[in-house]
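1. one predicted model, sequence on top.
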Amino acid sequence: MLRYFVSKLALSILLLIGVLALSFFMLRVTGDPVSLMLPREASPEEVAAFREVMGFNRPLGVQFWDFITGAAVGDFGNSLHYGSPALPMVLQRLPATVELASVGLLMAVIVGIPLGLAGGLNPGSVLDSIGRFFGLLGQSTPNFWLGLILILVFAVRLRWFPAFGRDEPKSVILPAFVLGLAVSSQILRMTRSTVLEVRGEDYIRTAQSKGLHPRTIYLKHVLRNVTIPLVSVIGVQFGYMLGGSIYIETIYAWPGMGQLLQQAIGWRDFPLVQALAVFTSVVVLALNLVTDLAYTLLDPRIRYGK
Amino acid sequence: MESSALTPKADSQLAVQPTLKGRLSYLGRLLWRDQSGVIGLFMFSLVMLAATLAPLIAAQDPLAQQLSNSKMPPAWQTGGSWDHLFGTDSLGRDMFSRTIYGARVSLTVGFFGVLIATVLGMVIGSIAGYFGGRIDALIMGPISLILSMPYLLFVVFIAAILGRSLLNVILIFGITDSPIFARVTRGEVLRIRESAYVESAISAGARWGRIIFDHIVPNLIGPLITLATFEMSAMIFYEAGLGFLGLSVPPSVPSWGNMLAEGRKYLSSNPWLTTFPGLAIMFTSMGMNLAGDWLRDVLDPRLRRSRK
Amino acid sequence: MSPILEVRDLVTKFYTLDGVVNAVNGVSFSLEEGETLAIVGESGSGKSVSMMSLLGLIPSPPGRIEGGQALFHGVHGTCDLLKLSTKELNEVRGGQIGFVFQDPQTSLNPILKIGDQISETLVRHLDMNQSQARARTMDLLGEVGIPDPQLRYNNYPFEFSGGMRQRVMIAIAVACNPQIVIADEPTTALDVTIQNQVVNLFKQLRDKLGIAIIWVTHDLGVVAGLAERVLVYYGGRVVESALVDDLYEHPAHPYTLGLLKALPRLDARESRRLVSIEGTPPDLLTPLRHCPFAWRCTHVFERCWQAIPPLYPVEANHRTACFYNLEKDIVRDD
């Protein structure tokens, strides 16, 4: 099991290097990174000075090496907009995004798993149809749009929740709900299909042939086998939420990494964008690793196997 | 003497392939049983029709600005007029037309994006799956990389760099979504390659070209069509999202994302500016998801199901 | 010796998208206390489905038991297995009738310990507590020939070979001293070398515990050393029933004859090609009004196409569902 984990870790590091390379070269895909970051009216002197400061006139290999080594110690250069190091700006925003994603995941799990279980155990029932319809809605509703509608209804018209910001504890409810909706429908579908799949397995038939109580079969045999793949899915979804919160944070003016990304793009502050891209990837990769670890611990075939 | 045909058992090795007529009638029964698939296909066809026949349906020019008529509410509210069924936006452009024309952008992006992703993904995945070994590892490495990264973030990143144009959007989605198709293709190719069917074909001396066309491609069609449907729905979402951030097609082009971005500014005063494009996206997406679900049920288990 | 199980006219159908599959079309047989009965037939002949119907293990859509009765004369009295409620059925399953499934690979829960999967049936039926059940499980593991039970109790199925997993399945089936064990092709998925061991294990347990066994197989070769009586299935029906020796020495149904001829023999004097029965089994979708074997039978004549042959007596304890008298080589004239 240790070997499995170590190989996953090694793969993650490789992936990370890939992410760094991608971020580096993306800025140069149009040819000249300076043109991305300075307004078009900039004078040739300003452009030259900028290029000098940013080190864009050095050989590409050198730039890349500096970038990688800098990233390894957390140095992504200075944010153009703030004039101070980029990474600390990103880190400062991390707690807010984590809070948003966590509450969103909690909501998604609370709604998605029970409905998925009910659907898998009684396919074709009323509850199943409700669950599936809800799942369809969650999948088909663009979250940025729903975010706006909810603000209109719950914040502006009903005044139950604040429309912007992170000032009160209940500020997180609306954005977390919207963020969690699509996730809840994924979780619902996954749970439902896994339950159906497990129920059709031969070992469940064996359990029945033993005359075990249906509740025993459900809890001990079905549920445990459903949980394992579900953990994977939940981990992945959490990663999506951490990396994909840009719309929600923008709409709700939630001071997290997503909002910073949207602002940075507006400012053409690409060092900051780079720092955000790499850091978010790190977080997501770390999360995947943790999820893998949990999966390993839960599934005895991997834990005690080769 | 009864002359009922001696039908071999369906899962015996000598099973005759089902006839086209048999397959079609089976499809018909499935459609009837699972009406949600029909509904989905119907919804999707409506959107396709709207997009294709836009000039006929939308009386007004979606680009025509008429500042004197700006921000009119929908026809059924006070202040509205039946000339502008869904009202007008801040520049006086007709919302109904823009919503209808917006379907064009979305479907174009979705269709061509998926086309590129499918072709690219199929080629890459087939090579990886067919040749295996080091080539496979070399190809699937970057693929895994792309698949495990926060997708939205990098799409936004790239879009911000490349600038606003329809072509850019299509290319971005097409290329960034191809890994999913590659992975599915590779999986199928591997599975089929190992199957007894193909092994016997190879040992009988069939050339690899024939193997690909006769065995691999038919088995690929099912999963890929299903995937394409879902990915197209996703691309429509992503296009709208990018538009919402101002990173999709140029602002004058009527796209649902652009319309939402604009509507946001007037959210509480003129909510209809946001409602209609949003509903349009929901409608399209729901139709495609329903159809995709149905397709998946039809195409996948049919190929591997054993009848008892 | 009294019958412990009497099955009459069992009918099971599957309602699928392709149509109604008539898997079991009126099967009747009885099982004596302590007897070993073999059921032989090809894939799709209905043998597994009929056994699983007895214990309600058929997935219920799309399957449905549509007729018949299965009188079980258990220690707690007589009941019709097909009419029991789930609760009552759960008392019988595992406790009075054990089941061994075909594929040991998929029939054990991969994430639960082997020992646990045996103990749970002891706790359920014999009211043992955890430690009693654990101790008894160790004994059982020893009885089925699994070495080092202390260690093996805590292993997971993937750590066992196919043969050992099947032994675990057998341990599960006999754990509560049932009166009947139904074994559905228990050796089909195993290596030939292991098959023998498993068959011997069954014999040992049978002799020791006095269990009646129903052994379902498609391989007539296995039957010889193990069973006392044989039923031959075809097209969802019983087409012949006989004592083992009688079946091998004078089979009365053309299908049985074909099966026997198809057996490769070590004592064959000249090298000969393996004989097979021409044609393939019937598609169970069309309900038949004639003998299911008619298409493939070398002795077929007009009557075979007009009605379904009932079971005719051939000799003591030997019956066959055929209009043709194989032994006398003429048609039956009743």
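-> Cool, the structure landed.

2. quick check: residues of the stretch 1-150 of chain C near chain B?
-> Listed as neighbours of chain B in the stretch 1-150 of chain C under the rule CB under 8 Å from any CB of the partner chain: C:14, C:16, C:17, C:18, C:21, C:23, C:43, C:44. Every C-beta, even on glycine, is put in place using the N, C-alpha and C of the backbone.

3. next, count neighbours for the second one.
-> As a burial measure, the neighbour count of residue C:16 was computed by other CB atoms under 10 Å in any protein chain shown and equals 15.

4. what's the closest non-adjacent residue to it?
-> With CB to CB, 6 or more residues apart in numbering or on different chains as the criterion, residue C:16 has its nearest non-adjacent residue at 5.3 Å, and that residue is residue C:62.

5. quick one: residues contacting the one you found.
-> The contact partners of residue C:62, by CB atoms under 8 Å, 6 or more residues apart in numbering or on different chains, come to C:14, C:15, C:16.

6. any idea what the closest residue to chain A within the stretch 201-334 of chain C is bridged to?
-> Of the residues in the stretch 201-334 of chain C, the one nearest chain A is residue C:214, at a distance of 13.6 Å by CB to the nearest CB. Applying DSSP bridges to residue C:214 gives these bridge partners: residue C:37, residue C:182.

7. that one contacts residue C:178, correct?
-> No. Taking CB atoms under 8 Å as the contact criterion, residue C:214 and residue C:178 are not neighbours in contact, 11.7 Å apart.

8. looking at these two, which is more packed in?
-> residue C:214 (25 against 22).

9. compute the number of surrounding residues for residue 29.
-> Looking at chain A here, since you left the chain open. Under the neighbour criterion other CB under 10 Å, residue A:29 is assigned a count of 11.

10. think we crossed wires, I meant chain C
-> Burial of residue C:29 is recorded as 18 neighbouring residues (other CB under 10 Å).

11. please apply the same query to residue A:62.
-> Using other CB under 10 Å, residue A:62 has 10 neighbouring residues.

12. would it count as being in a strand?
-> No. Residue state for residue A:62 (DSSP: H, G, I helix; E, B strand; the rest coil) corresponds to helix; a strand is not indicated.

13. stretch C:289-298: end-to-end distance?
-> The straight-line separation of the ends of stretch C:289-298 (CA to CA, to the nearest Å) is 19 Å.

14. which parts of that stretch are buried?
-> For stretch C:289-298, the neighbour count (16 or more other CB atoms under 10 Å in any protein chain shown) marks C:290, C:291, C:292, C:293, C:294, C:295, C:296, C:297 as buried.

15. how about the secondary structure of the second one?
-> Meaning residue C:291. Following three-state DSSP, the label given to residue C:291 is coil.

16. ok, now which ones touch it?
-> Applying CB under 8 Å, 6+ apart to residue C:291 gives the contacts C:297, C:300, C:304, C:305, C:307, C:308, C:309, C:321, C:322, C:323.

17. could you do the fifth one as well?
-> Residues in contact with residue C:294 (CB under 8 Å, 6+ apart) are C:300, C:304, C:305.

18. would you mind measuring from the residue nearest to residue C:16 to residue A:196?
-> For residue C:62, the distance to residue A:196 (CB to CB, to the nearest Å) stands at 14 Å.

19. equivalent analysis for residue C:207, please.
-> Between residue C:207 and residue A:196 the distance is 43 Å, computed by CB to CB.

20. of these two, give the one with the bigger neighbour count.
-> For residue C:207 against residue A:196, the residue with the higher neighbour count under other CB under 10 Å is residue A:196, and the figures read 15 against 10.

21. surely that one and residue A:122 touch.
-> No. Taking contacts as CB under 8 Å, residue A:196 lies outside contact range of residue A:122: 10.6 Å.

22. where do the helices sit along the stretch 51-200 of chain A?
-> A:60-72, A:86-121, A:126-140, A:143-150, A:173-199 (DSSP state H, counting those that start in this stretch).

23. make CSV from those helices and add mean pLDDT and distance to residue B:186 to it.
-> CSV is the format used below for the helices of the stretch 51-200 of chain A (pLDDT from 0 to 100; distance: least, CB to CB, whole Å):
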stretch, mean pLDDT, distance to residue B:186
helix A:60-72, 86, 30
helix A:86-121, 93, 29
helix A:126-140, 89, 26
helix A:143-150, 90, 31
helix A:173-199, 92, 22
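
24. got any ranges where the stretch 51-200 of chain B has weak pLDDT?
-> In the predicted model, the stretch 51-200 of chain B carries pLDDT under 70 at residues B:69, B:196-198.

25. which residues of it fall in helices?
-> Assigned helices in the stretch 51-200 of chain B, in chain order: B:54-57, B:95-131, B:133-148, B:151-162, B:166-193, B:196-203 (criterion: DSSP H, counting those that start in this stretch).
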